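Colleague: Fold the following for me, if possible:
(one chain, ligands or ions: 1)
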Amino acid sequence: MAKLCVNIDHVATVRQARRITEPDPVAAAVLAELAGAAGITCHLREDRRHIQDDDVVRLKQSVRTRLNLEMAPVDEMLAIAEAVRPHMVMFVPERRQEITTEGGLDVAGQFERIREATQRMKAAGLLVSHFVDPDPKQVDAVIACGADYLELHTGAYANAPNESARLAELEKLIQAARYAQEKGIRVNAGHGLNLRNVLPVAAIAGIHELHIGHSIVSHAVLVGFERAVREMVEAIARAENLARVYTPQEILRLHSA
Ligand code: PXP
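Modeller: Down below sits the predicted model:
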């Protein structure tokens, strides 16, 4: 079954609105773990708009499952990862003006730079993941860099304007996941997933981890953190049961009926 890694960035977003000490993303991480999360993810952005350096250090001290550090593959962040030693570093593209990570990393287009950054992290003994669009060219480049995981960007699926477009995006995710696994790399997925759209993605064969943040934190504001995480863990388990009988495409159709 796919495991849930909870991204707690937006707990820090609320805190930074006042630049005080609460709510604490470390407390949210503890609650997420108690509710069944298999890992905690945070993104240290170059502009420090939500997670701060000290949060990453405190998360490393308190997380009992796995800490994944999302970051741009730039010198400053590579040095922080070497010092803090998260379980896994997740390379993402970063643009200062964007509201969230908008597209996958162009690993094929910046191959040497990303390969070097990947090898530097591997030499430090860290697992490495690259966040890419579901495109075979990117899958090949991630593998050639020596990364351990690739994370398929589910944003186009999540934001599809209608059911036929969503189905087409789901197909791309299924094909890319299959292609990557045939080539021997492990596959995660994430971005824009919520309780309504997660089932077909969680039903894709062989997906290791789902990285979900915004919808869980949004739901948690209304129903509490533990309940929000638990409901997502349960949805992923439901997807696994459905996948015994239905394809991901059929699950999508069932849910939009
Ligand atoms: N995976 C990656 C690589 C991301 O950059 C993000 C957003 O920080 C997520 C997953 C989670 O996306 P969302 O917050 O939309 O669930």
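
Colleague: Near the ligand, which residues of the stretch 101-250 of the chain? Just list them.
Modeller: Counting by CB under 6 Å from any ligand atom, the stretch 101-250 of the chain comes close to the ligand at Thr101, Phe131, Glu151, Gly190, His191, Gly192, Leu193, His211, Ile212, Gly213, His214, Ser215. No exception for glycine: its C-beta is placed from N, CA and C like everyone else's.

Colleague: With neighbour count added, can I get the residues you listed in CSV?
Modeller: Output for those, formatted as CSV (neighbours: other CB atoms under 10 Å):
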residue, neighbour count
Thr101, 20
Phe131, 26
Glu151, 30
Gly190, 27
His191, 26
Gly192, 20
Leu193, 27
His211, 24
Ile212, 27
Gly213, 24
His214, 16
Ser215, 19
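
Colleague: In strands only, show me those.
Modeller: Within these, residues falling in strands by DSSP state E are Phe131, Glu151, Gly190, His211, Ile212.

Colleague: which among the residues of the stretch 101-250 of the chain next to the ligand gets closest to Arg253?
Modeller: Within those, proximity to Arg253 (CB to CB) peaks at Leu193, which comes in at 18.1 Å.

Colleague: Tell me how far that closest one lies from Ile216.
Modeller: 9 Å (CB to CB, to the nearest Å).

Colleague: Would you state the strands of the stretch 151-257 of the chain in chain order?
Modeller: With DSSP state E, counting those that start in this stretch, the ranges of strands along the stretch 151-257 of the chain come out as 186-190, 207-212.

Colleague: Could you save those strands as a markdown table and add columns showing distance to Gln16 and mean pLDDT?
Modeller: Below are the strands of the stretch 151-257 of the chain laid out as a markdown table (distance: least, CB to CB, whole Å; pLDDT from 0 to 100):
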| stretch | distance to Gln16 | mean pLDDT |
| --- | --- | --- |
| strand 186-190 | 22 | 98 |
| strand 207-212 | 21 | 98 |
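
Colleague: How about residues contacting stretch 244-257?
Modeller: With CB atoms under 8 Å, 6 or more residues apart in numbering as the test, stretch 244-257 has contacts from 163, 166-167, 170-171, 174, 196, 199-201, 203-204, 239, 242-243.
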